[in-house]
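Q: Pasting the sequence and the predicted model now:
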Amino acid sequence: MLVLHCLKVEGGIIAPVYMEEETFDKVTDKDISISIAKYGIDIKIKDLIVPIPEYMLDYFIANGRVTLCLADDSIYFWEPILTLEIPTNALIEANAIYRYKQRMGDANATNDESQKTA
């Protein structure tokens, strides 16, 4: 499942999730990963993907807390069900890989264009 919205708050982000609360029982380090996406990075927590677009990367590196709230449109107050602190070093590394891939993609596009016109 992909998180569609998040709130930028002091210390990180809050992501509403429309999943069962039990999904996030007993989350371990093995359930959490970071992957590179075309738009930035993805924080994966079990089957949930929290996208962090490029324009949010610097903020998220400095404020790496993710709080998941159980979203239910029938209630007014959404309770936090999980808060994670994503290690800054892992975020810096993911950002560096993302930026490198972006530069290499731009360089490859430039090389492709120069080969077409030559």
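A: Received, thanks. Numbering: from 1, shown residues only.
Q: which helices and strands does the helix or strand hosting L84 pack with?
A: Counting by DSSP states H and E, the element that carries L84 is strand 80-85. On a contact count with 3 or more Cβ pairs under 8 Å, 6 or more residues apart in numbering; DSSP states H and E, strand 80-85 meets strand 65-70. For glycine as for every other residue, the C-beta is placed from the backbone atoms N, C-alpha and C.
Q: The strand holding L84 pairs with which strands?
A: Using DSSP bridges, strand 80-85 pairs in its sheet with strand 65-70 (antiparallel).
Q: The partner strand: how far from the chain's middle?
A: Strand 65-70 has its C-alpha centroid displaced from the chain centroid by 12 Å (Cα atoms, centre = their mean, to the nearest Å).
Q: Averaged pLDDT, that strand. What do you get?
A: For strand 65-70, mean pLDDT is 96.
Q: Ok, stretch 78-88 next?
A: 94.
Q: Now tell me what touches it from outside.
A: Taking Cβ atoms under 8 Å, 6 or more residues apart in numbering as the criterion, the residues outside stretch 78-88 that touch it are 14, 16-17, 21, 24, 27, 32, 34, 43, 45, 60-61, 64-72.
Q: Would you work out how far apart the start and end of it are?
A: One end of stretch 78-88 to the other measures 27 Å (Cα to Cα, to the nearest Å).
Q: and if you look at stretch 49-66?
A: Across stretch 49-66, first to last residue, Cα to Cα, it's 12 Å.
Q: Could you tell me which of the contacts of stretch 78-88 count as buried?
A: 14, 16-17, 24, 27, 32, 34, 43, 45, 60-61, 64, 66-71 (16 or more other Cβ atoms under 10 Å).
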